[in-house]
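Asker: sequence isn't available, so here's the structure alone:
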């Protein structure tokens, strides 16, 4: 049986992951470690937090080494899915120190706690009793040209922002603990996620809120930066496959196979909201406004997910069209519910 620790479980990907895996028959306990920064909200886990018999919440900051070790030992953790991170590129440009202390030092504290708890013992490794999954990002690879092949697991790291540099550093720490101490660690790198519960500083929820409030939609530069969009539900399924069936010491790229320019994506959102909420008056594309580009803005990301397809049988279940429609409908439903509560 698995005592699973999910770090950052009150955030966007973490809360979706907990919702998706908590009823897996192999889990006897699921511990959510989150310090509840601006982007972490226990409301994302309504129906689970304080209710589910397998669920435990620990409000702990990864920068607190002693508390991290306490959580690992007290709950006899056997598996770790490490998602907690400062992740917003714009914030990393204005406040890089937070990204160093959380993403690098926090990962170090977690690795040390797992090592102290016996994750590196020969018996645990031999019998596959423990696993450490580091959840990373395609941004560690830097930027692709318009005709370059997609990133593979062997692509070189070339981070271009303090955020991506801090994630690259934490990946290297995890790799070193596998090589030096035998920690049964696996690293995944995903493309841009979207879906329910995403904090409204990211592109898709920002655009949705701007359209609904009929405000200008800011698009960086010429809007032709390309991203590969991955539905968060598909990402969470891939993470579970890797945790339970992936090989220690390996890395796996996870991509949605939905490359699109930011401008095209924004236009799709505008058109879908015009369709789903005609009472707004339509013509939402007219709200698009181009703003000065941000420093170090990578031009293109694309992920080659052939390895995880071939070895673990994973493939995304959502097309961008279906996933985006589902996501917008979710946000519209949340807005309607909030408005209904406000009228009572």
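Answerer: Alright, I've got the coordinates. Keep in mind that what you see is a predicted model, and the values were worked out from it rather than measured.
Asker: when you work out contacts or count neighbours from here on, use the C-alpha atoms and nothing else.
Answerer: Noted.
Asker: helices along the stretch 51-200 of the chain, start to end?
Answerer: 65-74, 89-94, 96-99, 106-116, 122-126, 162-181 (DSSP state H, counting those that start in this stretch).
Asker: the longest one vs helix 106-116, what angle?
Answerer: For helix 162-181 and helix 106-116, the angle between their directions (axes from the mean of the first three to the mean of the last three Cα atoms, to 10 degrees) works out to 20 degrees.
Asker: by contact count, what packs against helix 162-181?
Answerer: helix 89-94, helix 96-99, helix 106-116, strand 131-137, strand 185-190 (3 or more Cα pairs under 8 Å, 6 or more residues apart in numbering; DSSP states H and E).
Asker: try 6 Å
Answerer: Counting contacts by 3 or more Cα pairs under 6 Å, 6 or more residues apart in numbering; DSSP states H and E, helix 162-181 packs against helix 89-94.
Asker: mean confidence for the helix it packs on?
Answerer: Taken as a whole, helix 89-94 has a mean pLDDT of 89.
Asker: what's that helix packed up against?
Answerer: helix 162-181.
Asker: so which residues make contact with the helix it packs on?
Answerer: Residues outside helix 162-181 that contact it (Cα atoms under 6 Å, 6 or more residues apart in numbering): 89, 92, 96, 100, 103, 104, 139, 140, 159, 183, 185.
Asker: ok, now stretch 118-134?
Answerer: 78, 79, 80, 81, 82, 182, 183, 184, 185, 186, 187.
Asker: now these as CSV including distance to residue 72 and pLDDT?
Answerer: Converted to CSV, the contacts of stretch 118-134 look like this (distance: Cα to Cα, whole Å; pLDDT from 0 to 100):
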residue, distance to residue 72, pLDDT
78, 9, 98
79, 10, 98
80, 9, 98
81, 12, 98
82, 13, 98
182, 18, 97
183, 15, 97
184, 16, 98
185, 16, 98
186, 18, 98
187, 20, 98
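Asker: mark which of those residues are buried, thanks.
Answerer: Neighbour counting with 16 or more other Cα atoms under 10 Å marks 78, 79, 80, 81, 82, 182, 183, 184, 185, 186, 187 as buried within those.
Asker: now the first one: closest residue in space, sequence neighbours ignored.
Answerer: Just to be clear, that refers to residue 78. Nearest non-adjacent residue to residue 78, counting by Cα to Cα, 6 or more residues apart in numbering: residue 130, 4.8 Å away.
Asker: ok, the one you found - how many residues close by?
Answerer: By other Cα atoms under 10 Å, 25 other residues sit near residue 130.
Asker: try residue 213
Answerer: There are 10 residues near residue 213, going by other Cα under 10 Å.
Asker: ok, now which ones touch it?
Answerer: Residue 213 neighbours (Cα under 6 Å, 6+ apart): none.
Asker: one more: the one 3 residues further on?
Answerer: Residues in contact with residue 216 (Cα under 6 Å, 6+ apart) are 287, 288.
Asker: could you check how far it is from residue 288?
Answerer: Applying Cα to Cα, to the nearest Å, the value for residue 216 to residue 288 is 6 Å.
Asker: and if you look at residue 149?
Answerer: 30 Å.
Asker: neighbour-wise, which of these two wins?
Answerer: More crowded of residue 149 and residue 288, by other Cα under 10 Å: residue 288, with 19 against 12.
Asker: excluding chain neighbours, what is closest to that one?
Answerer: In space, residue 288 is closest to residue 217, 4.7 Å off (Cα to Cα, 6+ apart).
Asker: for whichever strand or helix holds residue 275, packing partners?
Answerer: Assigning secondary structure by DSSP states H and E places residue 275 in helix 262-276. Applying 3+ Cα pairs under 6 Å, 6+ apart, we find helix 262-276 packed against no helix or strand.
Asker: tell me who's in contact with residue 4.
Answerer: Contacts of residue 4 (Cα under 6 Å, 6+ apart): 30, 79, 80.
Asker: report the rounded mean pLDDT for whatever helix or strand it lives in.
Answerer: Taking DSSP H and E as the criterion, residue 4 maps to strand 2-7. Over the span of strand 2-7, the pLDDT mean works out to 98.
Asker: mind listing what that strand pairs with, with the direction of each?
Answerer: strand 27-33 (parallel), strand 79-82 (parallel) (DSSP bridges).
Asker: now render these as CSV, adding distance to residue 249.
Answerer: Shown next, in CSV, are the strands paired with strand 2-7 (distance: least, Cα to Cα, whole Å):
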stretch, distance to residue 249
strand 27-33, 23
strand 79-82, 15
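Asker: and of those strands, who's closest to residue 251?
Answerer: strand 79-82 (14.1 Å; Cα to Cα).
Asker: just to revisit the earlier point, quick one: the strand holding residue 4 to chain centroid distance?
Answerer: 16 Å (Cα atoms, centre = their mean, to the nearest Å).
Asker: list the buried ones in the helix or strand that it is followed by?
Answerer: Once the chain leaves strand 2-7, the next helix or strand it forms, by DSSP H and E, is helix 12-21. Across helix 12-21, burial judged by 16+ other Cα under 10 Å covers 12, 13, 14, 15, 16, 17, 18, 19, 21.
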